[in-house]
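Chemist: Give me a model of this one.
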Amino acid sequence: MITNIFLPHILLWILTFVTAVLSVFLIWPRRNMVGGWFALGYTLGLLEWTLSGIFEALVIDPQVKVLLAKIEYVGFIVVVPFAFLFVKRYLSTQRLKLTLSIPVFIIPMLTLAMAWSNDVHHLLWSSFEPGNPSLNILIYNHGPWFYVSATYIYILVILSIAQLIKAYFSSQKLFRSQVLAILGAFLFPLISCTTYLFGVVPVEGMDTTALGFAFAGLIITFAIYRLHLLELLPIARQKVFESMRDGVLVLDNKNRIVDLNPAAQKFMLINPREAVGQPVLDFLPKGLAGLFEPNAGNISSYEILARDQKTYINVYTTLINPNSKEKSGKLITLQDITAHKQAEIKLQQSNIQLQKEIQQIEMLQESLRAQAVRDPLTGLYNRRYLEETLEREVSRAWRTQTSVSVMMIDFDNFKEVNDQYSHQVGDLVLQTFGDILKKTSRREDIACRYGGDEFLMILPDIGAMDSLKRGESWRTSIEKLEIATQSGNVKLSVSIGIASFPQSGVTAEELIHAADQAMYAAKKDGKNLVRQASTGQTIAEISESKLADLHPTHGN
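Modeler: Residues are numbered from 1 along each chain as shown. Below is the predicted model of the structure:
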């Protein structure tokens, strides 16, 4: 039977129940955060306890009251253990092991067993007697196990309070507010339980513990809603947060700094008193604004140069609670990558230096290739290059039925120049003539120093008549040339022999031999002359079989 009288002390149970419901509503979305499951266990235990307490306060039948009191113990015995484990997890860097969590519930489970078997041993409640009839109170006289259970609860509460007091002095402003809130949530039940245990209550038998837990529920709700409890936790801050080499900043859901460690202060060159509560972008480069956009993702990173302009930093941003539907705060990690960056810069510099050395090697190789085919004195091609090139030009002239001429040039009386003026003057003569050939040759002409004072010109696409004109031009240029020396001016002349394909020969060897013979003929005829060698043959007059033997197509 349930009384229809609205009893004043029922308000205490209803108030506690309402705060428990509100706490469950706020904690449920945050249950996967650090300590969230322990906080949820606390509020669910409180919810079950207070709901049963309301019915127990309304029921008149003593036996039903005792039954509901036993049901109350299902929630009552887990409230303080879950609160104790929450504090442990709140102040820990790691998940709590089952070997620590399970033993905490041994005494509470024994207490629950004692409550349900009390009719047999009367260790929890020794007897029951009616209280104030106007308030519908049943007085529970306590047995010895009740004091064992109460002592255990006091031990858990005192240990929790001691840890929170210690954490308070090692935390910064924001976390101190959280710690004070949790301390308040422990102190009010401690006071209400103590007054009930020692009978310091307005009416004998009135359960004042409900009042303490009502205040505890309100404080926890306030801490969750206003102080971001379960969202921002110290996590053994003194040992981890303060001593980290990486800089760490904690932001609220509006990207304002709520905490930062000494490493972050050093990297950013800021005073925490000035930074806390301010937008983080006031202290970071404007280019990082994208990291804090709503669509930036759960994890983002960026590389910056610190304010000291010496330290390179990787900035990582991570959502504190990415699974939450609500806008979450962020954790920013500032990692010093100066050594890595310097190594990278050094590697880049080494690569640049290596590229320069490779270029120098390539230039040297090119120089060596040039030296292999060029005469070091005159800069003209040497005999080795001549032999390779002339074979190619003769083959091309045969394929295209064009001409190519070879011009052998030899200085007259060059030995006398060396004997009279010295070899240095002789070298100067050769260099001067080499320069004349380079300046007056076409791009396709190939000027070579054949040996000693002999030069050979390869003139592609030039026949006998045109090559004769070119030879005469070079002869007269040398004839007019005077080279001044300390011993007087040196006057020179050359004898030139010309051989053209195919009239004078159809192979490189034949052309060189014919040009050489023509040059000796010029010398024999009086020197300072140009002579042309010719067999009188044309390409048409040379048999196809002979040309094919001399210039096979597969070799070109």
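Chemist: How far away from the center of its chain is the helix or strand containing residue 119?
Modeler: Counting by DSSP states H and E, the element that carries residue 119 is helix 118-121. Helix 118-121 sits 68 Å away from the centroid of its parent chain (C-alpha atoms, centre = their mean, to the nearest Å).
Chemist: Toward the C-terminus, what is the element adjacent to it?
Modeler: By DSSP H and E, the next helix or strand past helix 118-121 is strand 125-130.
Chemist: And the next helix or strand past that next one?
Modeler: Immediately after strand 125-130, counting by DSSP H and E, sits strand 138-142.
Chemist: Report the buried residues of the helix or strand just after that following strand.
Modeler: Later in the chain than strand 138-142, the nearest helix or strand by DSSP H and E is helix 144-168. By 16 or more other C-beta atoms under 10 Å, the buried positions in helix 144-168 come out as 145-146, 148-150, 152-153, 156-157, 160-161, 163-164, 167-168. C-beta coordinates here come from the backbone N, C-alpha and C atoms, glycine included.
Chemist: hmm, back to that, run through who's touching the helix holding residue 119.
Modeler: Residues outside helix 118-121 that contact it (C-beta atoms under 8 Å, 6 or more residues apart in numbering): 70, 114, 124, 125, 143.
Chemist: can you redo the residues you listed as a markdown table with pLDDT and neighbour count?
Modeler: Putting those into a markdown table (pLDDT from 0 to 100; neighbours: other C-beta atoms under 10 Å) gives the following:
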| residue | pLDDT | neighbour count |
| --- | --- | --- |
| 70 | 89 | 20 |
| 114 | 92 | 23 |
| 124 | 89 | 25 |
| 125 | 87 | 20 |
| 143 | 89 | 17 |
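Chemist: Now do the same contact list for residue 75.
Modeler: Contacts of residue 75 (C-beta under 8 Å, 6+ apart): 44, 45, 46, 47, 48, 49, 50, 52.
Chemist: Model confidence score at it, please.
Modeler: Per-residue pLDDT puts residue 75 at 87.
Chemist: and the next element down the chain from the helix or strand encompassing residue 224?
Modeler: Following DSSP H and E, one finds residue 224 within helix 209-226. Counting by DSSP H and E, the element after helix 209-226 in chain order, helix or strand, is strand 247-251.
Chemist: Which strands or helices does the next helix or strand after that following strand pack on?
Modeler: Of the helices and strands lying after strand 247-251 in sequence (DSSP H and E), the nearest is strand 257-260. Contact partners of strand 257-260 among helices and strands, from 3 or more C-beta pairs under 8 Å, 6 or more residues apart in numbering; DSSP states H and E: helix 173-197, strand 247-251, helix 272-275.
Chemist: right, so these: which one is the most enclosed?
Modeler: strand 247-251 (a mean of 23; mean count of other C-beta atoms under 10 Å).
Chemist: Which positions in the helix holding residue 119 come out as buried?
Modeler: Buried-residue list, helix 118-121, by 16+ other C-beta under 10 Å: residue 118.
Chemist: and if you look at stretch 120-137?
Modeler: 123, 124, 125, 128, 131, 135, 136, 137.
Chemist: Sort out for me which of the contacts of residue 75 are in helices.
Modeler: Among the contacts of residue 75, DSSP state H puts 44, 45, 46, 47, 48, 49, 50, 52 in helices.
Chemist: most neighbours, which of the residues you listed?
Modeler: Most neighbours among the ones in helices among the contacts of residue 75, by other C-beta atoms under 10 Å: residue 46, with 30 neighbours.
Chemist: Does that one touch residue 78 like I think?
Modeler: No - Residue 46 is not in contact with residue 78 according to C-beta atoms under 8 Å; the separation is 9.1 Å.
Chemist: With just CA atoms, put the helix holding residue 119 into CSV.
Modeler: Provided in CSV are the C-alpha atoms of helix 118-121 (Å, rounded to 0.1, in the frame of the first residue of the first chain):
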residue,chain,number,x,y,z
ASN,A,118,19.8,-10.2,6.3
ASP,A,119,16.7,-12.2,7.5
VAL,A,120,19.1,-15.1,8.2
HIS,A,121,22.0,-13.3,10.0
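Chemist: picking that back up, export the contacts of helix 118-121 to a markdown table and tack on distance to residue 269?
Modeler: Below are these laid out as a markdown table (distance: C-beta to C-beta, whole Å):
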| residue | distance to residue 269 |
| --- | --- |
| 70 | 63 |
| 114 | 62 |
| 124 | 63 |
| 125 | 66 |
| 143 | 66 |
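Chemist: tell me which of the buried residues of helix 144-168 is nearest to residue 392?
Modeler: Nearest to residue 392 out of the buried residues of helix 144-168 is residue 167 (C-beta to C-beta; 90.9 Å).
Chemist: I'd like to know how far residue 361 sits from residue 355.
Modeler: Remark: distance between residue 361 and residue 355 (C-beta to C-beta, to the nearest Å) = 11 Å.
Chemist: Please read the previous query as pertaining to residue 110.
Modeler: 79 Å.
Chemist: Counting neighbours, go ahead and name the busier of the two.
Modeler: The neighbour comparison of residue 110 against residue 355 (other C-beta under 10 Å) goes to residue 110, with 15 against 10.
Chemist: Now that one: which helix or strand?
Modeler: Using DSSP H and E, the element containing residue 110 is helix 106-116.
Chemist: Now do that helix against strand 125-130, angle only.
Modeler: Going by axes from the mean of the first three to the mean of the last three C-alpha atoms, to 10 degrees, helix 106-116 is angled at 50 degrees with respect to strand 125-130.
Chemist: Identify all contacting residues around helix 106-116.
Modeler: Under C-beta under 8 Å, 6+ apart, the answer for helix 106-116 is 69-70, 73-74, 77-78, 81, 121, 123-125, 145, 148-149, 152.
Chemist: Likewise for stretch 413-424?
Modeler: Under C-beta under 8 Å, 6+ apart, the answer for stretch 413-424 is 411, 425, 426, 429, 452, 453, 485, 487, 490, 492, 527.
Chemist: run the last query once more with 7 Å
Modeler: 425, 426, 429, 453, 485, 487, 490 (C-beta atoms under 7 Å, 6 or more residues apart in numbering).
Chemist: Now do the strands in the protein.
Modeler: 125-130, 138-142, 247-251, 257-260, 299-305, 312-319, 330-336, 404-411, 446-451, 454-460, 482-485, 488-491, 494-501, 530-533 (DSSP state E).
Chemist: Just give me the lowest mean pLDDT stretch among those strands.
Modeler: Averaging pLDDT over each of the strands of the chain puts strand 299-305 lowest, since it has a mean of 64.
Chemist: list the contacts for residue 386?
Modeler: Counting by C-beta under 7 Å, 6+ apart, the residues that residue 386 touches are 448, 450, 456.
Chemist: Could you dump the residues you listed into JSON lines with distance to residue 226 and neighbour count added?
Modeler: JSON lines is the format used below for these (distance: C-beta to C-beta, whole Å; neighbours: other C-beta atoms under 10 Å):
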{"residue": "448", "distance to residue 226": "96", "neighbour count": "25"}
{"residue": "450", "distance to residue 226": "101", "neighbour count": "21"}
{"residue": "456", "distance to residue 226": "101", "neighbour count": "26"}
